[in-house]
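Novice: predicted structure and sequence below. I'll ask about it afterward.
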Amino acid sequence: MSTGVAMHERGSPTKEAAKYVEEYDGGSSPAALDYGLTNMSAEERRIKEKKLMRRLDRKLIPWLCLLYLTSFLDRTNIGNAKINGLLKDLHLTNGTYNAALSVFFVSYALFEPLTNVLLKSWTPRIFLTVTIVLWGLCMTFMGFCSSFAGLAAARFFLGVAEAGLFPGVNYYLSCWYKREEFGIRAAIFFSAAALAGSFGGLLAAAIAKMNGIAGKHGWSWIFILEGLVTVLIGFGSYWMVHDFPDKAKFLTEEERVLVISRLKEDNQASAEKEDFQMKYFWAAMLDWKTWMYMIIYMGADGPLYAFSLFLPTIIADLGYTATKANLLTVPPYAVAAVMTISIGYIADRTKQRGLCNIFCSFLGMAGFIMLLASENPHIKYAGVFLGAAGIYPCIPNSIVWAANNFEGVYKRGVMMGFVIGWGNLNGVMSSNIYRLKDKPKYTLGHSIVLAYMVLFLFGGSVILRFMLARENKKRRNGERDSWGAGMSQEEKVHALGDQRGDFLYTL
């Protein structure tokens, strides 16, 4: 008898799936999670899961990548505007320009830890639509600024509006995919940042040619046009962004059950409905891993913003015109995008995220040593490629590494908010280390970026990997079996999360 006939005789799969989802939404946990799916052979299940993954990738990933591309484009295009007359037209000094950069990261970091709670409460579709439209408006109005005060205010509110996207999307994806599937998706999502740098250079070079149209400067048109496109994308997100698996309308009921059952099999509490309680906040804040991931992430994020904000300036000071400098930013970002996706794939297959961080940090360190040690513009430009290849992959890899090692919907969400928020607060540092008086060598800026990578990215990754390996050994040896004694496996998953004795950390 075929599986389809068997399922028909035992009851309608759609009705049973709907019944399960209704029970799941009420917070209960029926024993037969995947009624209808349990009747399948392993091969039939594998085929269904493969088909489901292709469908999820088509529905979720492309639009999320577009959102992050616009986000990174809008926050870093000020670097392109700078070499197209922004400083002169707004009468900015190096100090006031850096202050305008810094204020973005202050508001971004302050609001970021709160955003995952709002994402969960408002639903992803509503939350992302509202925030994207708001930051698109901030970007558009930035094109009408005529003073430092106006620019700083626009950058502040841009930081508020953009704060929720990166932690929110990473948290959102972790609620759809198993841990070994999450890395490559997060890497593809973040590769949009590198594409934004590549695409942004080309776009800025073209838009700057509009200088003088309607009495606006070329840099004004960069902000206005890119902002208006973001607003349109924001409105489109109301239809293109989907809610969490239990409510997503594009899923059939059988697919919904399959998504949730796969998360359950991965021992993820993300598969269950959970109401926010302050204990989840404190569980995240008092977990030593949160603080280690904050250290590692600052080691990647500080260099990331220094690189993306000042790359056009660094290349221009190698002796190139503004247009050519914008165009020469394209190849390093293209390399960064390919490297980011490659590392995401490798880390998913090997489950060695710490080693991937360590390898990439060596590339980044080598690149900034070349920028510091050489006077040859060609060698410096080659160093830029290594810097990009070393920095960009570590951002999604570090976030996925953290998400893999935290369990519980809100605990993971709060942790990611703080890790990413702290990392972005280091953008204040990044905004102030490349000073005009240091050009063209920029010894101070390159030295600080190198120190961040050596101490925090490389050093933090080595230490954390050692500590996690030691804890895994204790758990394998039964030294943590007393944790949750007397509880069922399901009770351990809900009550203890990653603190249960049989949870092994991703290294």
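Specialist: Done, it's in.
Novice: now do the helices in the stretch 251-400 of the chain.
Specialist: 253-265, 278-285, 288-316, 322-328, 330-350, 353-373, 377-391, 394-404 (DSSP state H, counting those that start in this stretch).
Novice: does anything pack onto the last one? Which helices or strands?
Specialist: If I follow you right, that is helix 394-404. Judged by 3 or more C-beta pairs under 8 Å, 6 or more residues apart in numbering; DSSP states H and E, the packing partners of helix 394-404 are helix 165-174, helix 179-207, helix 288-316, helix 330-350, helix 353-373, helix 409-425. Just so you know, the C-beta spots here come from the backbone N, C-alpha and C atoms, and that holds for glycine as well.
Novice: show the average pLDDT along that helix.
Specialist: Across helix 394-404, the average pLDDT comes to 93.
Novice: run through who's touching that helix.
Specialist: 170-171, 174, 179, 182-183, 186-187, 189-190, 193, 289, 293, 296-297, 299-301, 304, 340, 343-344, 347, 353-354, 356-357, 360-361, 364, 412, 415-416, 419-420, 457, 505-506 (C-beta atoms under 8 Å, 6 or more residues apart in numbering).
Novice: just the buried residues out of those residues, in PyMOL syntax.
Specialist: PyMOL command restricting those to the buried ones, with burial defined by 16 or more other C-beta atoms under 10 Å:
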select buried, resi 170+171+174+179+182+183+186+187+189+190+193+289+293+296+297+299+300+301+304+340+343+344+347+353+354+356+357+360+361+364+412+415+416+419+420+457+505+506
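Novice: can you lay out the helices and strands packed on helix 394-404 as TSV showing mean pLDDT?
Specialist: TSV is the format used below for the helices and strands packed on helix 394-404 (pLDDT from 0 to 100):
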stretch	mean pLDDT
helix 165-174	85
helix 179-207	83
helix 288-316	89
helix 330-350	91
helix 353-373	96
helix 409-425	84
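Novice: now residue 393. Nearest residue, chain neighbours left out?
Specialist: The shortest distance from residue 393 to any non-neighbouring residue, by C-beta to C-beta, 6 or more residues apart in numbering, is to residue 343 (3.8 Å).
Novice: do the same with residue 504
Specialist: What sits nearest to residue 504 in space, not counting adjacent residues and going by C-beta to C-beta, 6+ apart, is residue 472, at 5.2 Å.
Novice: OK, contacts around residue 314?
Specialist: Counting by C-beta under 8 Å, 6+ apart, the residues that residue 314 touches are 371, 384, 434, 442.
Novice: follow-up on the earlier one: between the helices and strands packed on helix 394-404, which gets nearest to residue 61?
Specialist: Across those, residue 61 has its closest neighbour in helix 179-207 (6.0 Å, C-beta to C-beta).
Novice: what residues sit buried inside the closest one?
Specialist: 179, 181-201, 203-205, 207.
Novice: other SSEs contacting the helix or strand following that helix?
Specialist: Following helix 179-207 in sequence order, the next helix or strand is helix 218-240 (DSSP states H and E). Here helix 218-240 touches helix 42-81, helix 124-142, helix 179-207, going by 3+ C-beta pairs under 8 Å, 6+ apart.
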